[in-house]
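> generate a structure from the sequence data that follows.
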Amino acid sequence: MLQLIIQRCSDLKLNNITVLLVTHGGFIMEFMNQINYMINKKQPVYNNNALNCSITIVKYTLPKGEVKIVTQNDATHIQKL
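Numbers count the residues shown, from 1 in each chain. Alright, predicted model coming up:
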């Protein structure tokens with residue numbers, strides 16, 4: 001999925017695009033495995049610790065292909081509920 005998003009943005013020659021994915025923990029785990037592989041070049045070992053309703057923000061900069069985890073597993077918006 002990540003490669004598809006990157007390829008589609010590249011094809012459209014969009015350098016400033018926001019993609020919102022609303023998903024479940026299993027996808028988040030695999031997504032973060034790919035992100036961590038892109039950043040650290042290590043085989044996926046990331047365990048799923050995604051909290052319900054948490055927010056993860058990853059910034060991917062085209063065309064350089066730079067990846068940065070901005071926030072991960074942030075659930076502060078629901079702490080008072």
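
> the protein: helices as residue ranges?
2-11, 25-40 (DSSP state H).

> just the buried positions in the longest one, please.
Okay, so that is helix 25-40. For helix 25-40, a neighbour-count test (16 or more other CB atoms under 10 Å) marks I28, E30, F31, M32, N33, Q34, I35, N36, Y37 as buried. For the C-beta atoms, the positions are set from N, CA and C on the backbone; glycine is no exception.

> mind listing what the last one touches?
Residues touching Y37, when contacts are defined by CB atoms under 8 Å, 6 or more residues apart in numbering, comprise Q43, P44.

> longest strand anywhere in the chain?
What stands out as the longest strand in the chain, according to DSSP state E, is strand 66-74.

> what's that one packed up against?
The contact analysis (3 or more CB pairs under 8 Å, 6 or more residues apart in numbering; DSSP states H and E) places strand 66-74 against helix 25-40, strand 55-61.

> returning to what we had before: can you redo the buried residues of helix 25-40 as TSV with pLDDT?
Listed next are the buried residues of helix 25-40 as TSV, based on pLDDT from 0 to 100:
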residue	pLDDT
I28	82
E30	82
F31	82
M32	83
N33	83
Q34	83
I35	83
N36	82
Y37	83
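
> from the residues you listed, pick the one nearest I78.
Using CB to CB, I28 comes nearest to I78 of the buried residues of helix 25-40, at 16.1 Å.

> how close does the closest one sit to N16?
Distance from I28 to N16, counting by CB to CB, to the nearest Å: 24 Å.

> mind putting the helices and strands packed on strand 66-74 in JSON lines, distance to D74 included?
Formatted as JSON lines, the helices and strands packed on strand 66-74 follow (distance: least, CB to CB, whole Å):
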{"stretch": "helix 25-40", "distance to D74": "12"}
{"stretch": "strand 55-61", "distance to D74": "5"}
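
> to V70, which of those lies closest?
strand 55-61 (4.0 Å).

> ok, that closest one: who's next to it in the sheet?
strand 66-74 (antiparallel) (DSSP bridges).
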